[in-house]
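A.B. asks: okay, structure incoming, though there's no sequence with it:
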């Protein structure tokens, strides 16, 4: 019924080379003990070796006296079914075939280990195939009332294997042998090697087909138990063997259809796996032809493994066994991702897939299925470390995935828009610089017209790019689509994802890639951000522009939009702060000053909106002041942007609230930094326009008085012709920036030494 198949050694037993390989390393000092009754008697001290007896060609322990090396204290053959035990690191104990209990107590741990290795080599090298070696360990007690527990682990020994061609009568024995072998690591490994080397599951599946055809339910249920027992070995090779071909996978699924807990019912796993309608083909992938016994392609194997993990084995295996199946799924995913990157092997699959989004008459369902396909494998890729999948994401972008993303963002189905955002977010999370990777030359195409149509503003109609490079340095269509989604999508979660994606695309490191020279890189970044402020920002911040515009109807419509979605406009305020701090002032300032967006932001304080919206406006206003940009500050003074601020402050000045604290904090920032030209000019402006408010309305704190004092000190310093820009620590603000949209001399705030004196005279005249 069963057979023993010990592992063969490289050399045949009995040859000189095999004999030399079997011997122990060197003589080891040891005491020999013999059990008589209940006492272990000392039979002398000597040196023990493991060797092969010349007369009988049997392996044996030989202990020679330490006083006389010719005197043999003990010779014990490794024969029969002797069981050796290694105890306490330095003891080997056994009972020989004559019934004598013997023990060797070694002076060193290495000596005991050396002789144990001799036993292992003798057993596994066919010298003594029936002997066994166990390691006896003392485990900690389970409770304070219990003593230490002994744990016995098989190190080597004979393993009984099931018959290579099992029949109906042998099934119970096969199950018992698999269960017994799982009890020790050595026997489990030997059984696994037997199952793999003999392709044992093929024999079991042949028997399964016979027994199922004969309607032998007991045999089929026993085969189900056998397969489950093998799965509980938690060995990847077992699962890989079971799904290595279409035939094996179907037989495996067939065995799993039967369950002893519900013997009257049968699942339909094979029917589900054979239903090809469950797999959609978006773009044909040229795979080599293969038969039912050939290895499955990675896509088919993924479908089978996912079904087994989620359905067929979900309630059968424990967590460790399921973890093995999960590891196999991940390994197969790596194969799929590697295949998708290999253009010659997959017939340029990605380029053909993304070409679907170039044709205006593309089938909508096919385009949607393409988004679902890429989304599926992007989620797969996110399960791996970023460094491991950098090539996959780079290949996606290079082949044109951003065209697909733009299509998904414009899809009327919410699920498709969410997938598009997730794909883009995954690319950005991998490396935001990837959005600047150009298309492969053969696949490049101008896709600027794929952007979602958004509300156009006069004077800001985006011009289509003539470049064939579909990347963000020359094409704002992706950012336009994101902006349209942020403004118009009703889903709050999708808005949040979109907002984060826009922030990532506006990060100053978005094109932090290797350029031929730094000047080339700076030029690319500058052109990219200028394109954003020319094409996207007018639509994105349209409500703020309209709030400060001349059209009454546009202003009323903007007020209605702000009141309807305050969370959106809080994000837009935060986005303005982010842009102004992330981008150079020469790039962002022209838009915010010329469009009137800054005026619209502060005018929001006068609207009847939730206090959180007004807090967002105050944070944005404070962040712009903290830029310490002289042109920005002069613009605020020239357009008196503090009028809405003080009007709002007056409504909360008597409240003990966060809003009141934030208003006071804004004034405190100007006081602390009033030695700088920009902040000093703001202090003087407030002291002239809002002196009464500062003196009387906030008299409960010293902020108003301190601000007036700061303004006086700044004017005194400005009148002093000996004060230089170095003294004021503001030398970088005294040069007129060529890109500034407004003059540096605004409302009396000239920054030269002579101009500072003239300014102060003018301010004194106003003050008088």
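C.D. replies: Thanks, I have the structure now. Note that this is a predicted model, so its numbers are computed, not measured.
A.B. asks: quick one: residues contacting residue 131.
C.D. replies: Applying CB atoms under 8 Å, 6 or more residues apart in numbering to residue 131 gives the contacts 78-84, 119, 122-123, 157. In this view, the C-beta of every residue, glycine as well, is placed from N, C-alpha and C.
A.B. asks: among those residues, which lie within strands?
C.D. replies: Residues of those located in strands (DSSP state E): 83-84.
A.B. asks: closest one of the contacts of residue 131 to residue 359?
C.D. replies: residue 157 (68.9 Å; CB to CB).
A.B. asks: not counting its neighbours along the chain, what's nearest that closest one?
C.D. replies: residue 132 (2.9 Å; CB to CB, 6 or more residues apart in numbering).
A.B. asks: for the one you found, give me its contacts.
C.D. replies: 81-84, 123, 154-158.
A.B. asks: so what's it bridging to?
C.D. replies: residue 83 (DSSP bridges).
A.B. asks: do the same with the one 4 residues further on
C.D. replies: For residue 136, the residues forming beta bridges with it (DSSP bridges) are residue 87, residue 152.
A.B. asks: I'd say it and residue 152 touch.
C.D. replies: Yes: taking contacts as CB atoms under 8 Å, residue 136 lies within contact range of residue 152: 5.5 Å.
A.B. asks: where along the stretch 501-650 of the chain do the helices fall?
C.D. replies: For the stretch 501-650 of the chain, the helices defined by DSSP state H, counting those that start in this stretch cover 518-531, 537-540, 542-547, 552-564, 566-582, 585-594, 597-603, 611-626, 630-638, 642-652.
A.B. asks: out of the ones you listed, which gets nearest to residue 480?
C.D. replies: Among the helices of the stretch 501-650 of the chain, helix 537-540 comes nearest to residue 480, with 7.2 Å by CB to CB.
A.B. asks: average model confidence for the closest one?
C.D. replies: Mean pLDDT, helix 537-540: 95.
A.B. asks: and that helix, what other elements does it pack with?
C.D. replies: helix 477-488 (3 or more CB pairs under 8 Å, 6 or more residues apart in numbering; DSSP states H and E).
A.B. asks: need the nearest residue in space to residue 82, chain neighbours excluded.
C.D. replies: residue 131 (4.9 Å).
A.B. asks: got the phi and psi for that neighbour?
C.D. replies: phi -80, psi 160 (degrees, to the nearest 10).
A.B. asks: mind pulling up the pLDDT for it?
C.D. replies: Reported pLDDT for residue 131: 94.
A.B. asks: buried ones in the lengthiest helix in the chain?
C.D. replies: In the chain, with assignment by DSSP state H, the single longest helix is helix 319-341. For helix 319-341, burial by neighbour count (16 or more other CB atoms under 10 Å) applies to 321-322, 324-325, 328-329, 332-334, 336-337, 339-341.
A.B. asks: pick the one among those residues closest to residue 110.
C.D. replies: The closest of those, once distances to residue 110 are taken by CB to CB, is residue 324, at 36.0 Å.
A.B. asks: so who does the closest one touch?
C.D. replies: 234-236, 239.
A.B. asks: top of the residues you listed by neighbour count?
C.D. replies: residue 239 (23 neighbours; other CB atoms under 10 Å).
A.B. asks: what helix or strand is it located in?
C.D. replies: Here residue 239 sits within helix 236-242, counting by DSSP states H and E.
A.B. asks: next: residue 292.
C.D. replies: Residue 292 belongs to no helix or strand, assigned by DSSP H and E.
A.B. asks: hmm, residue 248 and it touching each other?
C.D. replies: No: contact criterion CB under 8 Å: residue 292 and residue 248 do not qualify, at 9.2 Å.
A.B. asks: what's the closest non-adjacent residue to residue 155?
C.D. replies: Residue 155's closest residue in space is residue 133 (CB to CB, 6+ apart), at 4.4 Å.
A.B. asks: tell me the contacts of residue 64?
C.D. replies: 27, 46-47, 49, 70-73.
A.B. asks: let's see it at 7 Å
C.D. replies: 46-47, 71-73 (CB atoms under 7 Å, 6 or more residues apart in numbering).
A.B. asks: could you list the low-pLDDT ranges of this protein?
C.D. replies: Counting by pLDDT under 70, the chain contains low-confidence residues at 1-18, 140-148, 433, 435-474, 510-521, 720-768.
A.B. asks: strands of that one, start to end?
C.D. replies: Going by DSSP E, the chain shows strands at 3-4, 28-36, 39-52, 59-65, 72-77, 83-87, 91-95, 101-106, 132-139, 149-156, 160-161.
A.B. asks: closest to residue 650 out of those?
C.D. replies: Smallest distance to residue 650 across these (CB to CB): 77.2 Å, for strand 132-139.
A.B. asks: buried sites along the closest one?
C.D. replies: So, applying 16+ other CB under 10 Å, buried residues of strand 132-139: 132-135.
A.B. asks: from those residues, which is closest to residue 407?
C.D. replies: Using CB to CB, these come closest to residue 407 at residue 135, 63.7 Å.
A.B. asks: which residues does residue 561 contact?
C.D. replies: Residue 561 sits in contact with residue 543, where contact means CB under 7 Å, 6+ apart.
A.B. asks: any idea how far it is from residue 32?
C.D. replies: 97 Å (CB to CB, to the nearest Å).
A.B. asks: likewise residue 299?
C.D. replies: From residue 299 to residue 32 the distance is 66 Å (CB to CB).
A.B. asks: repeat that for residue 700.
C.D. replies: 98 Å.
A.B. asks: the two: which is more packed in?
C.D. replies: residue 32 (21 against 9).
A.B. asks: I am assuming that one contacts residue 74, so please confirm or correct that.
C.D. replies: Yes: using CB atoms under 7 Å, residue 32 is in contact with residue 74, at 5.0 Å.
A.B. asks: would you reformat the buried residues of strand 132-139 as CSV and include distance to residue 97?
C.D. replies: CSV is the format used below for the buried residues of strand 132-139 (distance: CB to CB, whole Å):
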residue, distance to residue 97
132, 14
133, 16
134, 18
135, 22
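A.B. asks: now, which of these sits nearest residue 346?
C.D. replies: Among those, residue 135 lies closest to residue 346 (CB to CB), at 51.2 Å.
A.B. asks: the closest one: what's it in contact with?
C.D. replies: Residue 135 neighbours (CB under 7 Å, 6+ apart): 86, 153, 155.
A.B. asks: and what of residue 607?
C.D. replies: 559, 562-563.
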